[in-house]
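Only the shape, not the letters, is given here:
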DNA sequence: TGACTGTGGATGTATTTGCACTGAATTGAT
DNA sequence: ATCAATTCAGTGCAAATACATCCACAGTCA
């Protein structure tokens, strides 16, 4: 097998595993009346920056589209999960900060998300679904 | 590190790699005036089944939402990439078949998609981004 | 200072998504 | 054979998405 074929198989495997876990976790969250995973990522990232974070930075960290992200942040602020204050040193910009409610929601989401990661990864590994990834990455 | 932490790190790594490649490949496709990757997956799958495939099967293979998928198939049929004929043995259902144009578009998409998989996986592997996945999968 | 270019973020708009529901056809139990 | 339960696929509708564009401000260079 060529290196490209190896990488291609790894890509397919990786893609499958991630899609399944992502979709299942997301459904479980919605069923529990909690937000979806893109909200989770924002909350998690904001928890790493207690001093706040500029939307642009966050957006590029998470590889989100700018305009969608702008509206997503607006909705999250409306729900009280984060605050959006003017940046002191740049009058164009904002600073995002997670709220206590945001932390609480993230924690509740994590319980569910975590269990899906755990079970999903476990079964992918047991089923050998990630073998191709392993092979590819050992070719380095 | 506990097994769970290992799996969690693997999940994060896997998710990052897949998001970056997926997004970049999709942008390149759109820039080339070609359809997005969910269309690609449908076309690829249909090429594996020259006798055609029922929408339900395809939808569960690809883990798509049923109603979104129904409309996606409609759009793809409008573009002439596939045909949607009544199923012979089940008057509720349809049979999807790829068209020559569908094959051609898929081939053109593959040139671009392939290069992104190749470069993306290559650089992820070189950067060690998949090491956590490797470790997790070797814990089996 | 003033003009020029670049950046941060919001918004108008068309397209796409996902949920709930529907109608038609099939399956299975009795 | 009948009738309830299930399956397949499509649709109305509200919400989310992506693209292009816009405005306000920043940075740069003369």
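Looks like it arrived, so ask away. If you're wondering where the values come from, they're calculated on a predicted model, not measured in any experiment.

Surely residue A:87 and residue A:94 touch.
Yes - in this structure, residue A:87 is within contact of residue A:94 by C-beta atoms under 8 Å, at 6.0 Å. For glycine as for every other residue, the C-beta is placed from the backbone atoms N, C-alpha and C.

neighbour count winner among these two?
Taking neighbours as other C-beta atoms under 10 Å in any protein chain shown, residue A:87 and residue A:94 compare with residue A:94 leading, 19 against 14.

can you pull the buried residues of stretch A:118-132?
A:118, A:120, A:121, A:122, A:124, A:125, A:129, A:130, A:131, A:132 (16 or more other C-beta atoms under 10 Å in any protein chain shown).

need the contact list for the first one.
Each residue near residue A:118 by C-beta atoms under 8 Å, 6 or more residues apart in numbering or on different chains is listed here: B:4, B:7, B:8.

Could you single out the nearest of those to residue B:49?
residue B:7 (34.1 Å; C-beta to C-beta).

ok, the closest one to DNA strand D distance?
Look at residue B:7 and DNA strand D: by C-beta to the nearest atom of the strand, to the nearest Å, they are 26 Å apart.

With DNA strand C as the reference, measure out to that residue.
Counting by C-beta to the nearest atom of the strand, the gap from residue B:7 to DNA strand C is 25 Å.

Could you do residue A:104 as well?
Distance from residue A:104 to DNA strand C, by C-beta to the nearest atom of the strand: 23 Å.

Now that residue: phi and psi?
Main-chain dihedrals, residue A:104, degrees, to the nearest 10: phi -60, psi -50.

Burial check on whichever residue of chain A sits closest to DNA strand C, number of neighbours?
Closest contact between chain A and DNA strand C, by C-beta to the nearest atom of the strand, is at residue A:67 (2.8 Å). When neighbours are counted by other C-beta under 10 Å, residue A:67 registers 9.

Sounds good, over and out.
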